[in-house]
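A.B. asks: coords please:
(2 chains)
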Amino acid sequence: DAGVIQSPRHEVTEMGQEVTLRCKPISGHNSLFWYRQTMMRGLELLIYFNNNVPIDDSGMPEDRFSAKMPNASFSTLKIQPSEPRDSAVYFCASGWPGENTEAFFGQGTRLTVV
Amino acid sequence: AQKVTQAQTEISVVEKEDVTLDCVYETRDTTYYLFWYKQPPSGELVFLIRRNSFDEQNEISGRYSWNFQKSTSSFNFTITASQVVDSAVYFCALSEASDYKLSFGAGTTVTVRA
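C.D. replies: You can find the predicted model right below:
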């Protein structure tokens, strides 16, 4: 299995621009998580999907952030408009709830907003 | 509310020393799952171990071992005979059966010196 695939790996954008981060979870996993990692705040859970349905988006910082999961094999995290304080590493992870599960993480997208 | 607490911010040891990382968690669920993840300097998040709340048996896997004690809500992790390649940030995480969100602690930076 190729694991969780995120794209792009690095993104540099200007303040005010729209940014879209993409994630392909591991086939068969029915849970998908978006995390943001910064030095100040550590690993923050932004949103969590189960069976393509958003279960908890309480971690999404502002209305500028939105996430979708149109099908079981694809998810996006969009920031519009982006701000310098959005600079962080964004991780996508997939797994399945239950006794024998762990979340597998993608390589992350390093976002820099200038 | 902070669900996972890693009180140690940084630990520095000399190669071949043992390293024990502390993790204290908080949950009202009777069924939950505990994890340790490693984040090496390259940045990816690597799953290490998982423990289910109904199994307090402690185990050893290679140089890794863990001590799960429900009475004190602790899930400590030990690296035996540390090596330079063990230098990384180690995260403890909790997933509750009620929602399966994966909540991370702040992480402990381990530096192993040659």
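
A.B. asks: Return the residues of chain A in contact with chain B.
C.D. replies: Counting by Cβ under 8 Å from any Cβ of the partner chain, chain A comes close to chain B at A:31, A:33, A:35, A:42-43, A:45, A:48, A:50, A:55-56, A:89, A:91, A:93, A:95, A:97, A:99-105, A:107-108, A:110. C-beta coordinates here come from the backbone N, C-alpha and C atoms, glycine included.

A.B. asks: Hmm, A:G59 is touching A:L43, no?
C.D. replies: No. Using Cβ atoms under 8 Å, A:G59 makes no contact with A:L43, being 10.5 Å away.

A.B. asks: which residues in chain B form strands?
C.D. replies: Taking DSSP state E to define them, one finds strands in chain B at B:4-5, B:10-14, B:19-21, B:24-25, B:32-39, B:46-52, B:60-61, B:64-69, B:74-79, B:88-96, B:102-104, B:108-113.

A.B. asks: How about chain A?
C.D. replies: For chain A, the strands defined by DSSP E cover A:5-7, A:10-13, A:19-24, A:31-38, A:42-50, A:53-56, A:65-71, A:74-79, A:88-95, A:104-105, A:109-113.

A.B. asks: Out of the ones you listed, which gets nearest to B:N67?
C.D. replies: Nearest to B:N67, of all those, is strand A:42-50, at 23.2 Å by Cβ to Cβ.

A.B. asks: where are the low-confidence patches of chain A?
C.D. replies: A:1, A:97-101 (pLDDT under 70).

A.B. asks: Find the residue at the geometric middle of it.
C.D. replies: Geometric centre of chain A, nearest residue: A:W34, 3.1 Å, by Cα atoms, centre = their mean.

A.B. asks: what's the distance between that one and B:V19?
C.D. replies: Using Cβ to Cβ, to the nearest Å, A:W34 is found at 31 Å from B:V19.

A.B. asks: Please apply the same query to A:V89.
C.D. replies: Remark: distance between A:V89 and B:V19 (Cβ to Cβ) = 25 Å.

A.B. asks: how about the nearest residue to the residue nearest to the centre of chain A, chain neighbours excluded?
C.D. replies: Counting by Cβ to Cβ, 6 or more residues apart in numbering or on different chains, A:L46 is the residue found nearest to A:W34 once chain neighbours are left out, at 4.4 Å.

A.B. asks: Which strand residues bridge B:T78?
C.D. replies: B:T20, B:S65 (DSSP bridges).

A.B. asks: does it really touch B:S65, like I thought?
C.D. replies: Yes. Counting by Cβ under 8 Å, B:T78 does reach B:S65; the two are 4.8 Å apart.

A.B. asks: In contact with B:T78, which residues?
C.D. replies: Contacts for B:T78 were tallied using Cβ atoms under 8 Å, 6 or more residues apart in numbering or on different chains; they are B:D18, B:V19, B:T20, B:L21, B:Y64, B:S65, B:W66, B:N67.

A.B. asks: doesn't A:L43 make contact with the residue nearest to the centre of chain A?
C.D. replies: No. If you go by Cβ under 8 Å, A:W34 and A:L43 don't touch, sitting 11.1 Å apart.

A.B. asks: joint contacts of those two?
C.D. replies: With Cβ under 8 Å, 6+ apart as the test, A:W34 and A:L43 both reach A:F91.

A.B. asks: still on that earlier bit, quick one, which of the residues of chain A next to chain B are buried?
C.D. replies: Buried members of these, scored by 16 or more other Cβ atoms under 10 Å in any protein chain shown, are A:31, A:33, A:35, A:42-43, A:45, A:48, A:50, A:55-56, A:89, A:91, A:93, A:95, A:97, A:101-105, A:107-108, A:110.
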